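>>> quick one, structure for this:
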Amino acid sequence: MAMNAYITEQPPMRESNELIKEYVILSYTLAAVKRNRLELDKKARSLRPLFVQAANIVVARIEADLALAEQLLRCMRIDISAEIPRMPQEGLNAEINNRISFYVSELFSKKQ
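So this is what the prediction gives:
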């Protein structure tokens, strides 16, 4: 418990920076998956229900991770309502693609 109090009062700079980065990337990833889900719902034919349901599961998992990151940032007394930092587009797109790949592969892993 004393450790949690210390983290709340003085968060380590590297940890808080990584958490902010994680929050930003998850926010963009969530927006991309939701946008893709809408496109799937409009365009896909016979496999539409499967793709939309898979996208819904991925969205739910990203939202859960985003909520956890938000909670940790609040515990560290870091204001997340401030303007989201800008990231280089090419790096951001690569991170978003990596995250989506991670969540999709997690969806089909046998560990569940």
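>>> Ala69 contacts Lys21, correct?
No. Taking CB atoms under 8 Å as the contact criterion, Ala69 and Lys21 are not neighbours in contact, 9.7 Å apart. Any C-beta I mention is one placed from the backbone N, CA and C, and that applies to glycine too.
>>> poorly predicted segments of the protein, please.
For the chain, the stretches flagged by pLDDT under 70 are 1-12, 44, 81-87, 110-112.
>>> remind me, longest helix of it?
Ranked by number of residues, the top helix in the chain under DSSP state H is helix 13-43.
>>> so who does the spatially most central residue of the chain touch?
The structure's the chain has its C-alpha centroid closest to Leu26; by CA atoms, centre = their mean the separation is 2.3 Å. The contact partners of Leu26, by CB atoms under 8 Å, 6 or more residues apart in numbering, come to Ile62, Asp65, Leu66, Ala69, Arg99.
>>> take these and keep only those in helices.
With helices defined by DSSP H, the entries of these inside them are Ile62, Asp65, Leu66, Ala69, Arg99.
>>> and the contacts of Leu26, which two are the farthest apart?
Farthest-apart pair in the contacts of Leu26 is Ala69 and Arg99; separation 12.3 Å (CB to CB).
>>> mind putting the ones in helices among the contacts of Leu26 into a markdown table with distance to Glu90?
Written out in a markdown table, the entries for those read as follows (distance: CB to CB, whole Å):
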| residue | distance to Glu90 |
| --- | --- |
| Ile62 | 21 |
| Asp65 | 23 |
| Leu66 | 23 |
| Ala69 | 23 |
| Arg99 | 15 |
